[in-house]
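Novice: Fold the following.
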Amino acid sequence: MADHGRAGDERCLGMLDIVRYARESGNVDVFIDGYRNFHQLAKSPGISARIQLERGINTPAEITAPDARRRPVILLRSSPGKAGSATTPWEDVFDLDHGHARYFGDHKASTVGPIGATQGNRALLDAWQLHGSSARADRVLAPPILLMRGVSVMRDGKRVDKGHLEFCGVAVIERLEYIVQRDPQTARTFPNLAVDLAVIKLDETTDELDFRWIDDRRDGELTAEQANAKGPASWRRWVDQGKVAIPRIRRRVLSSRVRSAADQRPESGTPDAALLDTIYRHFDDRKHEFEKLAAAVAASVFAASGATYHDGWLSRAGGDGGLDFVGRLDAGSTAANTPLVVLGQAKCIKPESSVSPDQVARVVARLRRGWIGVFVTTGVFSQQAQIEVIDDGYPVVLVPGRELVAEVRKLAETSAAGDIEALLRDISSDYADAVTHRRPEEILGSA
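Specialist: The predicted model follows:
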């Protein structure tokens with residue numbers, strides 16, 4: 001029998017695991033047809049009522065707890081195979097790699113009454129009052145949103161289109177809006193809800209949801225605080241901090257371009273690690289002079305790409321707003337090329353320190369269409385800083401400590417006969433002459 005779930009813990013469900021959902025199935029069998037039995041997984045001890053997934057928006061009954069009434073959970077079921085039909089005239093969006101989903105309410109062209117007339121939309125509106133609240137006392141009561149998506153499977157050599165659901169994570173409602181949709185069958189328009197959901201991280205090591213959390217949320221003897229104890233750490237962080245926590249708890253599937261801190265700095269005890277420490281110590285008490293070295297390193301990096309790079313100038317110390325040096329990159333051939341402004345930022349920090357997303361964002365904020373950014377540091381770039389550059393497609397080149405050392409060695413060989421100390425002294429002595437106050441776009445008119 002194929003095992004399409006995790007047999008190690010019968011109450012845990014992994015991200016993208018497929019469950020078997022059959023109305024007639026009982027709560028005893030762990031597997032049915034080789035897939036996890038949803039009814040066994042979601043069976044809470046001492047509670048007879050089943051959690052159903054018969055609708056798009058499934059709302060287990062509210063319970064009365066010692067502190068307040070709460071809805072234990074809301075389960076959203078998406079049916080991609082029905083998109084554009086009379087029953088599902090819209091198409092939900094599940095971008096799980098980037099922790100985003102967009103789900104549409106259950107109002108239809110045939111629905112009589114306002115948007116909140118349906119059970120599902122009413123539950124989403126009530127949940128939004130808690131999810132969107134700035135008060136922790138509201139968020140602690142907020143029902144987690146569990147996402148399920150209908151999938152087709154091959155069983156006994158045949159394609160089966162019904163009765164199987166893929167677990168797509170736990171979400172927080174980021175935004176709710178009123179929209180107008182068109183029924184593809186009748187061409188009639190009708191009002192509806194759309195919710196934007198932040199899909200959050202599950203367990204850091206297993207990427208699983210522990211259904212005992214849902215058990216506790218269904219237990220009327222537990223307060224909301226007690227009922228959240230087994231929830232993901234990301235959920236508890238959101239309860240504590242609210243929407244400001246969402247960028248840090250959003251689920252991300254890391255690009256292969258995201259590098260660990262260890263990959264960005266020289267290995268401890270090596271000559272390169274010693275050189276990085278030398279560079280840091282040389283500029284530690286005169287950090288603005290490091291901008292001159294960063295500009296030279298950026299020039300070397302761009303030159304290695306085959307493009308023609310022109311040195312520009314350094315900005316004045318203080319109030320640079322994400323701009324430490326300016327250069328120009330001429331892309332194309334000698335006869336046919338286009339000049340691009342290069343804005344640079346330099347950070348001389350301890351080699352074990354990291355550059356935050358906010359620091360990289362300062363460079364991004366200065367870029368105009370067709371400009372390129374470069375960030376050079378003696379440290380490393382945090383995982384989140386790299387993710388934001390990659391996911392948002394920002395034209396910013398990140399140069400951490402490991403690459404900085406490699407480029408400094410090349411510069412020393414070509415301009416200081418391999419003498420690192422001499423190179424650093426020359427960089428410091430040339431700093432003052434390179435500083436000016438000019439607008440970046442002036443580099444386009446330079447020879």
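Novice: Report how many residues lie close to Gly332.
Specialist: Gly332 has 11 neighbouring residues, counting by other Cβ atoms under 10 Å. Bear in mind the C-beta positions are built from the backbone N, C-alpha and C, glycine included.
Novice: What residues does it make contact with?
Specialist: Thr338 (Cβ atoms under 8 Å, 6 or more residues apart in numbering).
Novice: ok, what's across the strand from it?
Specialist: Asn337 (DSSP bridges).
Novice: For Pro339, see how far away it is.
Specialist: Gly332 sits 9 Å away from Pro339 when distances are taken as Cβ to Cβ, to the nearest Å.
Novice: go on, Leu314?
Specialist: 19 Å.
Novice: Between the two, which has more neighbouring residues?
Specialist: Of the pair Leu314 and Pro339, Leu314 is the one with more neighbours under other Cβ under 10 Å, namely 26 against 17.
Novice: my guess is that one contacts Phe325, does it?
Specialist: Yes - the pair Leu314 / Phe325 is scored as a contact, 4.9 Å apart, by Cβ atoms under 8 Å.
Novice: overlap in contacts of these two?
Specialist: With Cβ under 8 Å, 6+ apart as the test, Leu314 and Phe325 both reach Glu291, Lys292, Ala295.
Novice: Including neighbour count, secondary structure and pLDDT, could those residues go into TSV?
Specialist: Shown next, in TSV, are these (neighbours: other Cβ atoms under 10 Å; DSSP: H, G, I helix; E, B strand; the rest coil; pLDDT from 0 to 100):
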residue	neighbour count	secondary structure	pLDDT
Glu291	26	helix	95
Lys292	24	helix	95
Ala295	26	helix	95
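Novice: Just want the phi and psi numbers for Ser305.
Specialist: phi -80, psi -10 (degrees, to the nearest 10).
Novice: ditto for Ser315
Specialist: Residue torsions, per degrees, to the nearest 10, at Ser315 are phi -80, psi 160.
Novice: Check the burial of it by counting its neighbours.
Specialist: That count, for Ser315 with other Cβ under 10 Å as the rule, works out to 25.
Novice: ok, for it, nearest residue in space, not its chain neighbours?
Specialist: Leu323 (5.3 Å; Cβ to Cβ, 6 or more residues apart in numbering).
Novice: How about Gly150?
Specialist: Per Cβ to Cβ, 6+ apart, closest to Gly150 is Ser79, 4.6 Å.
Novice: Spell out, range by range, the helices that occur in the chain.
Specialist: 38-41, 119-131, 136-139, 212-217, 224-227, 233-241, 246-249, 261-264, 271-283, 290-303, 357-366, 383-391, 401-415, 420-434 (DSSP state H).
Novice: now for the last one, which elements pack on it?
Specialist: To tie it back to what came earlier, the one meant is helix 420-434. Judged by 3 or more Cβ pairs under 8 Å, 6 or more residues apart in numbering; DSSP states H and E, the packing partners of helix 420-434 are helix 271-283, helix 290-303, strand 308-314, helix 401-415.
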